[in-house]
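J.: turn this into a structure:
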Amino acid sequence: MEVPGVDGLKLEFKGNDSNKSDLSFIYKHAQATVQGSVDCSDFKSFNGSVSSGKDDIAVGVGAAFKQGAPANFSATASYTAPKMFMGLNLTNNFADVKGLFSFAVDKTTTIAATSTYGTVKKNFGVNLGAVYKCNSNTAIKAKVDMDKNVDLSVKQAVNKSLTVTGWTKVTDFKPNSAVFGGKIVLG
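T.: Here you go, the predicted model:
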């Protein structure tokens, strides 16, 4: 809902009759975007973030507060150039680091990579992926990670209100571990 008299401010309420009543807001200004939410049923959780950018550079910070748990802070930064995106996320009170990269090889093919490092558990991970757009209605996606998992999917937009996706996942590069699935979305 747009708030009368306050340009750029939207409020949203989600709730039910027993245990949920969340109030969220987003305020968009030429210089920054501020958003947040509060659990109005028992006021046990709050979160908010501020983001801004200039030309090809964007930055943001966020915080989440939950009763009985320590506050959780995060920060992010990104750089966008023609055909390329690079990003850095610091989450979990800056204990987890994630790097993101994507490059549009041409109009049909995009390659991407993510790397993660958890400073507490000392865990490192890398994902490599690619998207190939066969045509304006069909895309093939592939992803592989350091744990030797391979994900493949094909998504077809049949028309504006119907998409069909088929996928498979292979664990540890073992063909007999393959699982298959599908999804149909109407609307």
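
J.: what comes into contact with the longest strand that the chain contains?
T.: In the chain, with assignment by DSSP state E, the single longest strand is strand 123-135. With CB atoms under 8 Å, 6 or more residues apart in numbering as the test, strand 123-135 has contacts from 107-118, 139-147. All C-beta atoms are positioned from the backbone trio N, CA, C, and that covers glycine.

J.: residues near residue 73, how many?
T.: Using other CB atoms under 10 Å, the number of residues around residue 73 comes to 15.

J.: for it, give its distance to residue 94.
T.: For residue 73, the distance to residue 94 (CB to CB, to the nearest Å) stands at 7 Å.

J.: isn't residue 11 right up against residue 4?
T.: No: assessed by CB atoms under 8 Å, residue 11 is found out of contact with residue 4, at 11.0 Å.

J.: give me the more crowded residue out of these two.
T.: Remark: of residue 11 and residue 4, residue 11 carries more neighbours, 13 against 7, as counted by other CB under 10 Å.

J.: give me the element that one is part of.
T.: According to DSSP states H and E, residue 11 maps onto strand 9-15.

J.: quick one: strands adjacent to the helix or strand just after that strand?
T.: Moving toward the C-terminus from strand 9-15, the next helix or strand (DSSP H and E) is strand 21-28. Neighbouring strands of strand 21-28 in its sheet, by DSSP bridges, are strand 9-15 (antiparallel), strand 33-39 (antiparallel).

J.: need the winner for burial among these.
T.: Most buried of these, by mean neighbour count (mean count of other CB atoms under 10 Å): strand 33-39, with a mean of 16.

J.: ok, back up a step: ok, of the contacts of strand 123-135, which come out buried?
T.: 110, 112, 114, 116, 139, 141, 143-144 (16 or more other CB atoms under 10 Å).

J.: and those, which two are furthest apart?
T.: 116 and 139 (24.8 Å; CB to CB).

J.: wait, residue 104 touches residue 112, no?
T.: No: Residue 104 lies out of contact with residue 112 (CB under 8 Å); the separation is 9.8 Å.

J.: quick one: low-confidence parts of the chain?
T.: Applying pLDDT under 70 to the chain flags the ranges 17.

J.: where do the helices of it begin and end?
T.: With DSSP state H, there are no helices along the chain.

J.: can you give me the neighbour number for the nearest residue to residue 28 once chain neighbours are set aside?
T.: Among residues not flanking residue 28 along the chain, residue 8 sits closest, at 4.4 Å (CB to CB, 6 or more residues apart in numbering). Using other CB under 10 Å, residue 8 has 13 other residues around it.
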